[in-house]
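[1] What follows is a predicted protein model with its sequence.
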Amino acid sequence: MRSAADPLIDDLNEEQREAVSAPAGPLLVLAGAGSGKTRVLTRRLAYLIREGADPMGLMAITFTNKAAREMTERVEPLLGARSHGMWVHTFHSACARLLRREITRFGYTTRFTILDADDQRAAARESLRELQLDEKRFAPAAVVGRISRAKQDLRTPEQERAAAKDPWSQKCAAVYERYQSKLERANSLDFDDLIVLGVRLLEDPEAGAPYREQFRHVLVDEYQDTNHAQYRLVRALVAAHRSITAVGDEDQSIYRFRGADVGNILRFEEDFPDARVVRLERNYRSTQAILDASGSVIGHNDRRYPKRLWTDRGRGSAVVLYQAADAGDEAVWVARQIRALRPEVEGFGDFAVLYRTRAQSRALEEALLGAGIPYVVVGDLRFYDRKEVKDALAYLRLVSNPMDWACFRRAVAAPRRGVGEATLAALAEHMAQTGESLPSALEHAGDIPGAGRAAAPLAAFAKLLEELRALAAGEGGQPAEVAEVVLAVLDRSGLYAELRAEGTEEARTRYENLGELVNVARQNGPQVGSGLEGLAQFLEQAALIADADQVPSGEGAVVCLTLHAAKGLEFPCVFLTGLEEGLFPHSRSLEDAEGIAEERRLCYVGMTRAKRRLFLSHARQRAQYGGGAIPGYPSRFLDEIDPAALEVQSSRREAGTSGMWTARAGRTPSAPAQARSGVPTRPLPGPDAAGALDLRAGDRVSHHRWGEGVVVEGASGANGEVTVDFPAAGRRVLVLGLARLQRV
DNA sequence: TGATTGCATATTTTT
DNA sequence: TATGCAATCA
């Protein structure tokens, strides 16, 4: 069948070929880090089309817009115009696209808006207030997380209520209910709703049928990161033709907190018993030294397909471990290394500095700035998250979707126009009582009790909105380009005028940001079209942009980013910082074994971003919020690397003497000797350390954080729970397999 | 109604 | 440290 010279296949290795040219049907590609995953995915798309598949019948799903764009761009040169018509989307944008056509059956209009994280929190906060729940006890962010989790598991408010056992959960279910009806009334969806409704559509016997029929082949990237709702979506999509290519790596599943279930990829062969499985273990990215180090870390996880990555690129330089005095020292060291290595690479863009939490970026920024090294921080403040941009977008969203209460609130107060809290409350109350819609209520705001005083400004505002809407819709003329509408909003809302009047440097920047928004609209104009449809399209794009989509490339600047944002990227030189217990693995994930397994995968992801040089670092002391310093103990992940493979460097400086990070006198706790002297070898016993897995009452043990203590209640086995009295920390219950207790 | 001030509080990761 | 929120005043 295959011709002698086949450009889609010839330059691939044997496993890659097998994956690309597998016949239609269920296929699982276990693609190790750096094994040419994207290449396989794009070639397979091209291959299927070449073998006769209709592009309209191909659906490729990724997690980021960037990945989707990359895929489209890489298929194009292989096939030219023949590739047009494929559906290459993120989960969210694919659903949004389907819903723009079908959402009316769920009671929304086609110009629904998509809420961002802030809007979600605001809606949750309002719901909490209405239910008179204390925001201290019910943090809006936590409640949103809870709601989000329910939706990811496809649970409705009613189901959530029925399943709630404790009072807290019951209250959350009530908030969920209210939150949901609030969104529905505002004709808006949150991120999770996009997927939830996508599933409802595709699983519907009638409404879903045409789509189940249309998509003859479905390709899913990063399958290990799918949550339950996404899994169901995929299952529904492939229900008719059963041709699915799932590509992923269970070792790189890092979105459990977002509902991702590694089980989805691990169960693939149960779901599709006739599945073909291809393993890509040849690595084209890193040196053997880097693969060995990362491989031995991830080897400490179970629940994985055993595999061993290999390369023929040679050993390369040893992985370097730096033991810093504190965060400042660590950052300065990173900057120095970058300076020293600069001649060996093409530009500063060849360096990446990774960290677990965003807060860590500050010290690094200071050091890079001080060293005169250009850098960018990924996800620092998204363009679309800037206040002035959000204000402008609020107007646009309101023009597109007049029922969007959250946007109304925002827009009506930017700039201030004499409509305050009291008026808004009266308006909300009126709408809740009468069930009247927002646009309708605005028409006769003067009659609403409590809102009378603001009648004039409200009427003026309603008139402004109506004018903007008429302009966009092109009533009496041509439908307006999106950029035109944006400009009109900036001019007529007073946003431009307000900033111009202010005259400060900051106002100028904001003014320029708004100008940039016009530019973006102008650039995207051809893609999104004009009129109200084009506007809705434009807003959807803006809402679904993610941090990871904005990683700058080839700009000659060091890239600073979280480990999560680094997934899917590669750099010649990588610094992985803050390898300390409690920070990485993070304390919030220490409670259960699966949490730690996920942190370990995150560590693996970070290490495998490196092509040639990998630098690890930890600090003996790290400043917490607001000044105080706490001792930092080397991460257990460092123990999991063969010490002989590490080149250890240690700061001789005492902790807390580096510039701004100076610790307050007397606050410096005395760390145990091993933490002071560093960790060339294993300073702490691993989870399997002999003797510490079987403890009885009366045994004396030592804990890395709380020092010595006496066992009150014994236990044995890795899952055993012991109760220990620590003079320093009181009585604690610890899981033997996790606590790394040492017998004294 | 809207701006200012002072205090409390938080920090994991994000489509 | 930096941000956001609530109380307070103009």
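    Yes, it's here.

[2] What about the residue in the stretch 151-300 of chain A that DNA strand B sits nearest to, how many residues nearby?
    For the stretch 151-300 of chain A, the residue closest to DNA strand B is A:F257, as judged by C-beta to the nearest atom of the strand, at 3.4 Å. All C-beta spots, glycine's among them, are computed from the backbone N, C-alpha and C. Neighbours of A:F257 under the rule other C-beta atoms under 10 Å: 13.

[3] Quick check: the gap between it and A:G595.
    According to C-beta to C-beta, to the nearest Å, A:F257 and A:G595 sit 9 Å apart.

[4] Surely A:A557 and A:V377 touch.
    No: in terms of C-beta atoms under 8 Å, A:A557 does not count as a neighbour of A:V377; the distance is 9.8 Å.

[5] Quick check: longest strand in chain A by residues?
    Ranked by residue count, the top strand of chain A under DSSP state E comes out as strand A:610-623.

[6] How about it and DNA strand B, touching?
    No: Strand A:610-623 lies apart from DNA strand B when judged by C-beta under 7 Å from any atom of the strand; the minimum separation is 9.6 Å.

[7] Just the buried positions in that strand, please.
    For strand A:610-623, the neighbour count (16 or more other C-beta atoms under 10 Å) marks A:610-623 as buried.

[8] tell me which of those is nearest to DNA strand B?
    Closest to DNA strand B, out of all of these and judged by C-beta to the nearest atom of the strand, is A:A623, at 9.6 Å.

[9] What residues are bridge-paired with that closest one?
    A:A623 has these beta-bridge partners by DSSP bridges: A:A629.

[10] Surely it and A:D326 touch.
    Yes: assessed by C-beta under 8 Å, A:A623 is found in contact with A:D326 at 7.0 Å.

[11] got the phi/psi numbers for the residue of the stretch 151-300 of chain A closest to DNA strand B?
    phi -60, psi -20 (degrees, to the nearest 10).

[12] where along the stretch 351-500 of chain A do the strands fall?
    Taking DSSP state E, counting those that start in this stretch as the criterion, the stretch 351-500 of chain A carries its strands at A:351-355, A:375-377.

[13] can you dump the C-alpha coordinates of the first one into CSV?
    Once non-C-alpha atoms are left out, strand A:351-355 reads as follows in CSV (Å, rounded to 0.1, in the frame of the first residue of the first chain):
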residue,chain,number,x,y,z
PHE,A,351,17.3,29.3,29.4
ALA,A,352,14.2,28.5,31.5
VAL,A,353,13.8,28.9,35.2
LEU,A,354,11.1,26.7,36.7
TYR,A,355,9.5,27.0,40.1
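
[14] So which other helices or strands are in contact with it?
    Strand A:351-355 sits against helix A:327-341, helix A:361-370, strand A:558-562, helix A:563-566, strand A:571-576, with contacts defined as 3 or more C-beta pairs under 8 Å, 6 or more residues apart in numbering; DSSP states H and E.

[15] Name the residues of the first one that come out as buried.
    Which is helix A:327-341. Going by 16+ other C-beta under 10 Å, helix A:327-341 has these buried residues: A:327-335, A:337-338, A:341.

[16] now stretch A:167-177
    Across stretch A:167-177, burial judged by 16+ other C-beta under 10 Å covers A:171-177.

[17] Which ones, among the residues you listed, also lie beside DNA strand B?
    Near DNA strand B, by the rule C-beta under 7 Å from any atom of the strand, you find none of the buried residues of stretch A:167-177.

[18] how far away is A:R185 from A:A441?
    Distance from A:R185 to A:A441, by C-beta to C-beta: 12 Å.

[19] Comparing the two, which shows the higher neighbour count?
    A:A441 (19 against 16).

[20] Pretty sure that one sits against A:H430.
    Yes: here A:A441 reaches A:H430: they are 6.1 Å apart, a contact under C-beta under 8 Å.

[21] Out of the strands of the stretch 351-500 of chain A, which one sits most buried?
    Neighbour counts (mean count of other C-beta atoms under 10 Å) averaged over each of the strands of the stretch 351-500 of chain A peak at strand A:351-355, with a mean of 26.

[22] Return the residues of the stretch 201-350 of chain A in contact with DNA strand B.
    So the stretch 201-350 of chain A meets DNA strand B at A:255, A:257-258 (C-beta under 7 Å from any atom of the strand).

[23] wait, which of these is closest to A:Y305?
    A:Y255 (18.8 Å; C-beta to C-beta).

[24] Give me the neighbour count for that closest one.
    Neighbours of A:Y255 under the rule other C-beta under 10 Å: 19.

[25] count of neighbours near the closest residue to it other than its chain neighbours?
    Nearest non-adjacent residue to A:Y255, counting by C-beta to C-beta, 6 or more residues apart in numbering: A:D225, 4.7 Å away. A:D225 has 26 neighbours, counted by other C-beta under 10 Å.

[26] For A:D225, give me its contacts.
    Contact analysis of A:D225 by C-beta atoms under 8 Å, 6 or more residues apart in numbering lists A:63, A:248, A:252-255, A:260.

[27] Give me the lowest-pLDDT entry from those.
    Taking these together, the minimum pLDDT is found at A:F63 (88).

[28] I'd guessed that one sits against A:Y223; true?
    No: if you go by C-beta under 8 Å, A:F63 and A:Y223 don't touch, sitting 10.0 Å apart.

[29] Compare neighbour counts for those two and give me the winner.
    A:Y223 (27 against 22).

[30] who touches A:T109 in this structure?
    For A:T109, the contacting residues are A:103, A:187, A:401, by C-beta under 8 Å, 6+ apart.

[31] Counting neighbours, which of these end up buried?
    Buried by 16+ other C-beta under 10 Å: A:103, A:187, A:401, out of the contacts of A:T109.

[32] The last one contacts A:F112, doesn't it?
    Yep, that's A:N401 we're talking about. Yes: A:N401 lies in contact with A:F112 (C-beta under 8 Å); the separation is 6.4 Å.

[33] For the residue in the stretch 401-550 of chain A that DNA strand C sits nearest to, grab the count of nearby residues.
    With C-beta to the nearest atom of the strand, the shortest gap between the stretch 401-550 of chain A and DNA strand C falls at A:E421, namely 9.6 Å. Number of residues near A:E421 (other C-beta under 10 Å) recorded here: 9.

[34] Where do the strands of the stretch 551-700 of chain A begin and end?
    Under the criterion DSSP E, counting those that start in this stretch, the stretch 551-700 of chain A contains strands at A:558-562, A:571-576, A:610-623, A:629-631, A:646-650, A:694-695, A:700-703.

[35] other SSEs contacting the third one?
    This means strand A:610-623. Counting by 3+ C-beta pairs under 8 Å, 6+ apart, strand A:610-623 packs on helix A:288-298, strand A:319-326, helix A:327-341, strand A:571-576, strand A:629-631.

[36] In a markdown table: these, plus mean pLDDT and distance to A:E713.
    Formatted as a markdown table, the helices and strands packed on strand A:610-623 follow (pLDDT from 0 to 100; distance: least, C-beta to C-beta, whole Å):
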| stretch | mean pLDDT | distance to A:E713 |
| --- | --- | --- |
| helix A:288-298 | 94 | 33 |
| strand A:319-326 | 91 | 37 |
| helix A:327-341 | 93 | 38 |
| strand A:571-576 | 96 | 39 |
| strand A:629-631 | 73 | 28 |
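
[37] so which of those gets nearest A:R500?
    The closest of those to A:R500 is helix A:327-341. By C-beta to C-beta, the value is 39.3 Å.

[38] A:H89: what's it in contact with?
    Applying C-beta under 8 Å, 6+ apart to A:H89 gives the contacts A:59-62, A:68, A:97.

[39] Tell me if it really is in a strand.
    Yes: per DSSP: H, G, I helix; E, B strand; the rest coil, A:H89 lies within a strand segment.

[40] the helices in the stretch 101-250 of chain A, which residues?
    In the stretch 101-250 of chain A, helices defined by DSSP state H, counting those that start in this stretch lie at A:117-130, A:140-152, A:157-163, A:167-185, A:191-203, A:209-214, A:228-237, listed in chain order.
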